[in-house]
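In: no letters, just coordinates:
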């Protein structure tokens, strides 16, 4: 979606009724992305058991704190996929 400058869009805050998270955005496009991403995060989280949630959170904290690690993990995954013939 495109917003027209000067049309009155200043900012909007999304508040989740399930977990209380808040996301404030300055464009309609960013607002829609925030709502969609948050909804998708709940969908993934709801599918996981307690142990899986703890493991996923630990992994995400580790890799998101190290962008170079993310790049290496993705490269490793690509090489492994090529080796496996996928």
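Out: Happy to help now that I have it. It should be emphasised that the depicted structure is a prediction, and the values quoted were computed from it without experimental measurement.
In: tell me where this protein is predicted with low confidence.
Out: Counting by pLDDT under 70, the chain has low-confidence residues at 1-9, 86.
In: show me where this structure has its strands.
Out: Listed in chain order, the strands found in the chain under DSSP state E are 12-15, 22-25.
In: okay if I get those strands as JSON lines plus distance to residue 84 and mean neighbour count?
Out: For every residue, glycine as well, the C-beta is placed using N, CA and C. JSON lines is the format used below for those (distance: least, C-beta to C-beta, whole Å; neighbours: other C-beta atoms under 10 Å):
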{"stretch": "strand 12-15", "distance to residue 84": "40", "mean neighbour count": "13"}
{"stretch": "strand 22-25", "distance to residue 84": "38", "mean neighbour count": "14"}
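In: I'd like the ones you listed written out as TSV, with distance to residue 85 added.
Out: TSV is the format used below for the strands of the chain (distance: least, C-beta to C-beta, whole Å):
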stretch	distance to residue 85
strand 12-15	43
strand 22-25	42
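In: just give me the longest helix of this structure.
Out: When secondary structure is assigned using DSSP state H, the longest helix within the chain turns out to be helix 28-47.
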